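# with the input below, show me the fold.
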Amino acid sequence: HNKGFYYEPSAQFSLPGVRLNMEETNGLLMAAQILEDLQSEALNQSLSRIIGNIEKVLEDKGLSNRKLVKIIPALSRKPDPKTFETILDALNQGKKLKFSYSARGQTEVTERLVSPQRFTSYKNAWYLDAYCHLRNDIRLFALENIIHCEIDIEKAKNLSESTLNVCFFNY
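Next up, the predicted model:
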């Protein structure tokens, strides 16, 4: 009735068919390969169906899916897949997160309530950029150091991209 596409956040939805040229298809396959190499467990289920469909179309056209990008991590710190998915859900829903966190080299565990802003992948590790309500400031949290994580009922505080970028260029 609105003469367009929309979705209900709590329901599954489908998007209209997408037409890609060869360069766009290669770009999508390369991006999928990068994500697979950086975070193999958490995103692979979601990506595998999409990539499988693309590979089938390419096969039908007589083309093979060449792996155009290979990442060889020197030191990879992968987070728990459930933690990764919970944080991604909170980001999509615009909700705060509650978690237990133990910083590298520390034995102390702190309980945090944060407003998640985005994921950052840096030097083969995943980080959560978030506004920490305990410290009243922006913090980076290494995902592999998050012990237990759950979505809170409160709406997350949103920060501007420029505010986030200024803070993270200082690290």
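
# okay, CA-based contacts and neighbour counts for the rest of this
Noted.

# immediately after the strand ranked longest in the chain, which helix or strand?
What stands out as the longest strand in the chain, according to DSSP state E, is strand 110-122. Proceeding N to C from strand 110-122, the next assigned helix or strand is strand 125-132, under DSSP states H and E.

# average model confidence for the longest strand of the chain?
The average pLDDT for strand 110-122 rounds to 91.

# A142: neighbouring residues, count only.
Other residues near A142 come to 22 when the count uses other Cα atoms under 10 Å.

# could you measure from it over to N26?
Summarising the geometry, the distance separating A142 from N26, computed by Cα to Cα, to the nearest Å, is 31 Å.

# which strands or helices does the longest strand of the chain pack on?
Of the remaining helices and strands, those touching strand 110-122 by 3 or more Cα pairs under 8 Å, 6 or more residues apart in numbering; DSSP states H and E are helix 81-93, strand 95-101, strand 125-132.

# return the distance of the last one from the chain's centre.
It stands for strand 125-132. Taking Cα atoms, centre = their mean, to the nearest Å, one finds strand 125-132 lying 11 Å from the centre of the chain it belongs to.

# which of the residues in whatever helix or strand comes next after that strand are buried?
Beyond strand 125-132 on the C-terminal side, the first helix or strand identified by DSSP H and E is strand 137-142. Of the residues in strand 137-142, 138-142 count as buried by neighbour count, 16 or more other Cα atoms under 10 Å.

# name every strand pairing with strand 137-142 and say which way it goes.
According to DSSP bridges, strand 137-142 forms sheet pairs with strand 125-132 (antiparallel).

# buried residues in the partner strand?
When neighbours are counted by 16+ other Cα under 10 Å, the buried residues of strand 125-132 are found to be 125-132.

# need those in JSON lines with pLDDT and distance to E59, can you?
JSON lines is the format used below for the buried residues of strand 125-132 (pLDDT from 0 to 100; distance: Cα to Cα, whole Å):
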{"residue": "A125", "pLDDT": "81", "distance to E59": "34"}
{"residue": "W126", "pLDDT": "84", "distance to E59": "34"}
{"residue": "Y127", "pLDDT": "90", "distance to E59": "37"}
{"residue": "L128", "pLDDT": "93", "distance to E59": "38"}
{"residue": "D129", "pLDDT": "94", "distance to E59": "40"}
{"residue": "A130", "pLDDT": "95", "distance to E59": "42"}
{"residue": "Y131", "pLDDT": "96", "distance to E59": "46"}
{"residue": "C132", "pLDDT": "95", "distance to E59": "48"}
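
# good, we can wrap up now.
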